[in-house]
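Enquirer: coords please:
(one chain, ligands or ions: 1)
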Amino acid sequence: MKSNPKSLTQRPAWKALAAHQKKISKLHLRRLFAADKKRGDKLTASGAGLFLDYSKNRINAETLKLLVQLAKEADLRGRIDAMFKGEKINITENRAVLHTALRAPKTAKIIVDGKNVVPDVHAVLDKMSAFAKRVRSGAWKGYTGKRIKNIVNIGIGGSDLGPVMAHEALRHYSQRSLVFRYVSNVDGIDFVEAVQDLNPAETLFIVSSKTFTTLETMTNAESARAWLLKGLGGNKKAVAKHFVAVSTNAEKVSAFGIDTANMFGFWDWVGGRYSMDSAIGLSTMLAVGPENFRKLLAGFNAMDEHFRKTPFEKNLPVLMGLLSVWNNNFLGAETVAVLPYENYLKRFPAYLQQLTMESNGKHITLAGKKVTYQTSPIYWGEPGTNGQHSFYQLIHQGTRLIPCDFIAFAKALTPLGRHHDLLIANVLAQSEALAFGKTAEEVAAEKVADWLVPHKVFEGNRPSNTIFAEKLTPEILGALVALYEHIVYVQGVIWGVNPFDQWGVELGKVLAMRIAPELESKAEPKLAHDSSTNALIRRYRKLK
Ligand code: F6P
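Expert: The predicted model follows:
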């Protein structure tokens, strides 16, 4: 892999950006807009059905030029090509990174270890479609002959967050006669509440786990099997009619008792948090149907093509990735708020938390060196307008700089009176208020008492992007998710980290497996942890 031998902060573009930031640090968005009446039209780009207005960022033409130079010095073009070609860019796991192959058209050819993977992708899609049609039409019957009415996806992390988010996002397109539930937490309440009003005879479980070893998922799957067998008289044959699996691990699926004929596979080159468009999306396909699922994939693919082919200056993921580096590394912003003005996207920020932070929450570079700069910001958010009445105060008048990504749609899926105009009025008002604020003179002109003026001033100059699309469709959801997947890659390339491993989650898993028997043993265990952990274990044992 070709990478720039110069450490990031020693590269010419980085140094130039640092100097440039000092030079323009006093520049206010008010002045930038006043100086160029067309700024709001110029600093925009579009692709795959999404329109991006990034004019309300603290940048000028020089900033953009230097950010593009930064991308070039990191060989972003080469790294994009390497990912799409299936090179093993996930070096710590020696794996290709090919979520883009999941949405490639049938005619595409993507070679991994000498084999074209595209026919395999389409074979799984066809198998999922056939299954989804049978369940949705009622042809697939449960063990007692009843049709399936409830679908429970059991999975966690990437095997849960994508499906949950997509189910919410595409609810408008879903078959309402089917009930969907998602169980992820090892806290038993998650499972108990999910099934408390369900009839086992009408319930299908999808056990979704790339590895089929994840503690939470396997514990929930065991409880689901026990619940089902209890409800259906105990005959183990019932399992085959009520359990299917999505996994890369056929051996473990079969050991659990699920017929591998009812297993939907994927591959080690699909990372967990990049898997909602693989068979992990089976629950999504059951909800919205195979046709809509393929539209979702088409949207992903449209953004992939945009990312691969568009010059950096007009490339949505490249622009947003570079702007996030600017805000994070040069303006000191620690977080990014993602604020969808579309209630169907209410789980989108939660989905993005894993995508962004599990990917780029790293402090070691590809060369094994500790970074000397910040990597992933903290992504978070809530749908507007709810957030406005909660945490926006801090974004407007707090001491921290919080860049915002606003997401909005021109058409409501179910128009209702004035609601949509009011919703959009709010999103536009927020980005305007954040950028331009309200000066002391403007406040004073409203005859506000002198002492109150500073409290009512809005400094403004707070950056935001606005992502706008016509309407939330499966295609647009695919494009939106792919946009952020590629933003994460752009960031990872600039920071020189591997966005595709997640070693940081391992230690806690190992320690939990060591502690569990100490909590469960009848005899008082000999504890060898630190004094805090030992005392907490003893307290739990006493109180439980
Ligand atoms: O613990 C982190 C993680 O490995 C995620 O990356 C992944 O999405 C999740 O666990 C679930 O893993 P699996 O699909 O193998 O159950």
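Enquirer: Number of residues surrounding residue 74?
Expert: 23 (other CB atoms under 10 Å). All C-beta atoms are positioned from the backbone trio N, CA, C, and that covers glycine.
Enquirer: Tell me if I'm right that it and residue 494 touch.
Expert: Yes - if you go by CB atoms under 8 Å, residue 74 and residue 494 touch, sitting 5.2 Å apart.
Enquirer: which neighbours do the two share?
Expert: residue 8 (CB atoms under 8 Å, 6 or more residues apart in numbering).
Enquirer: which residues does the residue in the stretch 201-350 of the chain positioned nearest to the ligand contact?
Expert: Residue nearest to the ligand within the stretch 201-350 of the chain: residue 272 (2.5 Å; CB to the nearest ligand atom). Counting by CB under 8 Å, 6+ apart, residue 272 makes contact with 157, 158, 159, 210, 502.
Enquirer: And stretch 35-54, what's buried?
Expert: The neighbour-count check on stretch 35-54 (16 or more other CB atoms under 10 Å) flags 39, 43, 44, 45, 47, 48, 49, 50, 52, 53, 54 as buried.
Enquirer: now, which of those sits nearest residue 126?
Expert: Nearest to residue 126, judged by CB to CB, of the buried residues of stretch 35-54 is residue 48 at 24.9 Å.
Enquirer: still on that earlier bit, among the contacts of residue 272, name the ones that also lie close to the ligand.
Expert: 157, 158, 159, 210, 502 (CB under 6 Å from any ligand atom).
Enquirer: Can you tell me which of those residues are buried?
Expert: Buried among those by 16+ other CB under 10 Å: 157, 158, 159, 210, 502.
Enquirer: What distance do you get for the residue nearest to the third one when sequence neighbours are not counted to residue 236?
Expert: Nearest-residue entry for residue 159: residue 208, 4.1 Å, with adjacent residues in sequence omitted and distances by CB to CB, 6 or more residues apart in numbering. When CB to CB, to the nearest Å is applied, the distance between residue 208 and residue 236 equals 22 Å.
Enquirer: and the two? which has more neighbours close in?
Expert: Taking other CB under 10 Å, residue 208 and residue 236 do not tie; residue 208 has more neighbours (33 against 9).
Enquirer: mind checking how far the more buried one is from residue 239?
Expert: Per CB to CB, residue 208 is found 16 Å from residue 239.
Enquirer: for residue 515, same thing?
Expert: Look at residue 515 and residue 239: by CB to CB, they are 31 Å apart.
Enquirer: neighbour-wise, which of these two wins?
Expert: residue 239 (20 against 17).
Enquirer: Could you check the pLDDT of the more buried one?
Expert: With respect to pLDDT, residue 239 scores 95.
Enquirer: picking that back up, between all of the contacts of residue 272, which two are separated the most?
Expert: Spatially, the most separated pair among the contacts of residue 272 is 159 and 502, at 13.3 Å (CB to CB).
Enquirer: Send over stretch 426-436 as PDB, restricted to the C-alpha atoms.
Expert: Extracted in PDB, the C-alpha atoms of stretch 426-436 (Å, rounded to 0.1, in the frame of the first residue of the first chain):
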ATOM      1  CA  ASN A 426     -37.100  25.400  11.600                       C
ATOM      2  CA  VAL A 427     -34.200  23.600  10.000                       C
ATOM      3  CA  LEU A 428     -33.400  26.600   7.900                       C
ATOM      4  CA  ALA A 429     -33.800  29.000  10.800                       C
ATOM      5  CA  GLN A 430     -31.400  27.000  12.900                       C
ATOM      6  CA  SER A 431     -28.500  27.000  10.400                       C
ATOM      7  CA  GLU A 432     -29.100  30.700   9.700                       C
ATOM      8  CA  ALA A 433     -29.100  31.500  13.400                       C
ATOM      9  CA  LEU A 434     -26.000  29.400  14.100                       C
ATOM     10  CA  ALA A 435     -24.100  31.100  11.200                       C
ATOM     11  CA  PHE A 436     -25.100  34.700  11.600                       C
END
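Enquirer: which parts of that stretch are buried?
Expert: By 16+ other CB under 10 Å, the buried positions in stretch 426-436 come out as 427, 430, 431, 433, 434, 435, 436.
Enquirer: Kind regards, and thank you for your time.
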